[in-house]
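A.B. asks: Next come a sequence and a model predicted from it.
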Amino acid sequence: MPGPLGCVAGATIAAFAALAAMFSGVWVRLLLAPMEGLLDDVLRAALTRVGGYDHAVSEFARVSGTVLPERFFRRIVPELDHGGRTAAGTPVHVQMLGSDPACMAVNAARLARLNPPGVDLNFGCPAPTVNRHRGGAVLLDEPELLWRITQAVGGALPAGLALSAKMRLGVNDPARAVECAQALVDGGAQLLVVHARTKADGYRPPAHWEWVARIAEAVPVPVVANGEVWSAQDWVRCREVSGVADVMLGRGAVADPFLAQRIRAGRLHEPDAAEREREWQALQPLIGAFVCGVQRKVEARHAPGRLKQWVHMLARKHERARALFACIRPLRTLPEVVAELGRHGIPCDAPAIACAQT
Ligand SMILES: Cc1cc2nc3c(=O)[nH]c(=O)nc-3n(C[C@H](O)[C@H](O)[C@H](O)COP(=O)(O)O)c2cc1C
């Protein structure tokens with residue numbers, strides 16, 4: 001794109017800067033992905049405290065033949081007891097997964113009593129146990145059923161409660177991707193997140209962002225791109241290929257908690273060592289508070305594993321996280337881990353970050 005930024009040395013920097021300028025004044029929707037077993041309320045609290053997200057989506061509540069008690073939804077999404085928001089104020093939409101329209105509708109009505117900021121439907125989960133019971137991505141072979149589920153759930157929700165759906169491109173190939181997207185929107189989904197891979201692709205790169213473009217052209221609701229956005233540069237490429245600026249961040253957000261903030265601010269370069277160090281300093285209290293939050297939630301013997309899981313992902317981007325991970329990796333008990341964190345300047349006496357804290 002020509003313009004005053006064209007004189008900046010280095011074509012890549014110029015291109016990124018031009019893109020940032022193009023979007024200045026335009027709101028980009030940035031969503032925090034649902035990630036079962038990884039991104040629960042405690043990690044959501046940490047990541048949304050760093051900020052940059054319009055809303056987060058919870059791990060899925062699986063609906064299979066029964067009416068789930070309210071406490072079930074509250075357990076998966078403790079934020080429901082706090083206005084449906086994380087401690088930092090980010091709304092958390094609750095995700096549901098299931099295949100029986102009537103049962104999904106009854107459960108959606110039950111969920112609605114807890115006043116979630118939004119409800120999302122999962123048509124992307126590739127897990128064999130879930131798919132065997134006709135849940136998640138396997139339903140992408142049945143667009144008519146997608147329509148019926150969405151319609152039933154939409155009909156059970158009070159007017160004004162946002163309904164979205166998250167889909168993959170298909171089961172084995174993307175031949176019916178547009179048909180599925182249209183079925184979801186015709187059924188009442190007001191926003192679509194497209195994880196740009198098929199179920200068969202699993203989580204293997206690449207993400208086929210060009211299919212997001214095809215879907216966005218075919219439906220009259222906002223379409224959010226998802227898959228393989230690990231850096232602001234990835235976001236730029238995703239936007240170029242998909243034509244969609246709105247993005248849902250999953251593993252990239254966990255590995256790089258400042259990613260959404262950087263995209264939001266148009267800081268599209270990869271941070272240099274000094275910036276990473278500043279980010280690490282800001283992350284330290286959040287890691288300490290994360291450990292406190294995890295301790296409250298899981299048995300002490302499971303807490304070290306949860307910390308290692310996050311630090312291992314942070315190590316993709318942060319040199320200091322790599323060093324920390326090497327030290328905590330062999331440790332088995334919580335007191336050992338807490339002592340090691342202390343040696344790395346990470347206090348664990350911080351108040352736990354969870355939705356309970358305001
Ligand atoms: C550990 C893990 C758990 C996930 N759990 C869910 C889930 O509960 N619901 C859902 O819709 N997607 C789930 N996903 C998919 C992510 O939301 C996202 O679509 C996927 O990771 C691609 O985005 P990314 O490349 O930015 O990570 C999960 C992914 C991972 C890796």
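C.D. replies: Alright, I've got the coordinates.

A.B. asks: how close does residue 235 get to residue 260?
C.D. replies: The gap separating residue 235 from residue 260 is 10 Å, by C-beta to C-beta, to the nearest Å. Using the backbone N, CA and C atoms, a C-beta is placed for each residue, glycine as well.

A.B. asks: what's the burial count for the residue in the stretch 151-300 of the chain that the ligand sits nearest to?
C.D. replies: Shortest the stretch 151-300 of the chain-to-the ligand distance, computed as C-beta to the nearest ligand atom: residue-wise this is residue 250, at 2.6 Å. Neighbour count of residue 250, defined by other C-beta atoms under 10 Å: 22.

A.B. asks: how about it, what does it touch?
C.D. replies: Residues near residue 250 by C-beta atoms under 8 Å, 6 or more residues apart in numbering: 33, 35, 39, 226-227.

A.B. asks: if you set the cut-off to 10 Å instead, what comes out?
C.D. replies: 31-35, 38-39, 195, 203, 226-230 (C-beta atoms under 10 Å, 6 or more residues apart in numbering).

A.B. asks: ok, and which of those residues reach the ligand?
C.D. replies: Contacts with the ligand within those, as defined by C-beta under 6 Å from any ligand atom: 33-35, 38, 195, 203, 226-229.

A.B. asks: Show the buried residues in the residues you listed.
C.D. replies: Buried members of these, counted by 16 or more other C-beta atoms under 10 Å: 33-35, 38, 195, 226-229.

A.B. asks: so can I have a markdown table of the residues you listed showing pLDDT and secondary structure?
C.D. replies: Below are those laid out as a markdown table (pLDDT from 0 to 100; DSSP: H, G, I helix; E, B strand; the rest coil):
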| residue | pLDDT | secondary structure |
| --- | --- | --- |
| 33 | 98 | coil |
| 34 | 98 | coil |
| 35 | 98 | strand |
| 38 | 97 | coil |
| 195 | 98 | strand |
| 226 | 98 | strand |
| 227 | 98 | coil |
| 228 | 98 | coil |
| 229 | 98 | coil |
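
A.B. asks: I'd like to know which of the residues you listed is nearest to residue 75.
C.D. replies: Residue 75 lies nearest to residue 34 out of those, by C-beta to C-beta, at 15.2 Å.

A.B. asks: For the stretch 201-350 of the chain, list the residues in contact with the ligand, please.
C.D. replies: Residues of the stretch 201-350 of the chain lying near the ligand by C-beta under 6 Å from any ligand atom: 203, 226-229, 249-252.

A.B. asks: which among the residues you listed gets closest to residue 309?
C.D. replies: Proximity of those to residue 309 (C-beta to C-beta) peaks at residue 251, which lies at 11.5 Å.

A.B. asks: ok, now how distant is the closest one from residue 27?
C.D. replies: In terms of C-beta to C-beta, residue 251 sits 24 Å off from residue 27.

A.B. asks: mind listing what's buried in stretch 322-339?
C.D. replies: 324-325, 328, 331, 334, 337-338.

A.B. asks: Tell me the one of the residues of the stretch 201-350 of the chain next to the ligand nearest residue 142?
C.D. replies: Closest to residue 142, out of all of those and judged by C-beta to C-beta, is residue 226, at 21.6 Å.

A.B. asks: Am I right that that closest one is in contact with residue 197?
C.D. replies: Yes: under the criterion of C-beta atoms under 10 Å, residue 226 makes contact with residue 197 at 9.1 Å.

A.B. asks: Dump the buried residues of stretch 322-339 into JSON lines; add pLDDT, distance to residue 171 and secondary structure as well.
C.D. replies: Shown next, in JSON lines, are those (pLDDT from 0 to 100; distance: C-beta to C-beta, whole Å; DSSP: H, G, I helix; E, B strand; the rest coil):
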{"residue": "324", "pLDDT": "97", "distance to residue 171": "40", "secondary structure": "helix"}
{"residue": "325", "pLDDT": "98", "distance to residue 171": "36", "secondary structure": "helix"}
{"residue": "328", "pLDDT": "97", "distance to residue 171": "39", "secondary structure": "helix"}
{"residue": "331", "pLDDT": "97", "distance to residue 171": "42", "secondary structure": "coil"}
{"residue": "334", "pLDDT": "93", "distance to residue 171": "42", "secondary structure": "helix"}
{"residue": "337", "pLDDT": "95", "distance to residue 171": "41", "secondary structure": "helix"}
{"residue": "338", "pLDDT": "94", "distance to residue 171": "45", "secondary structure": "helix"}
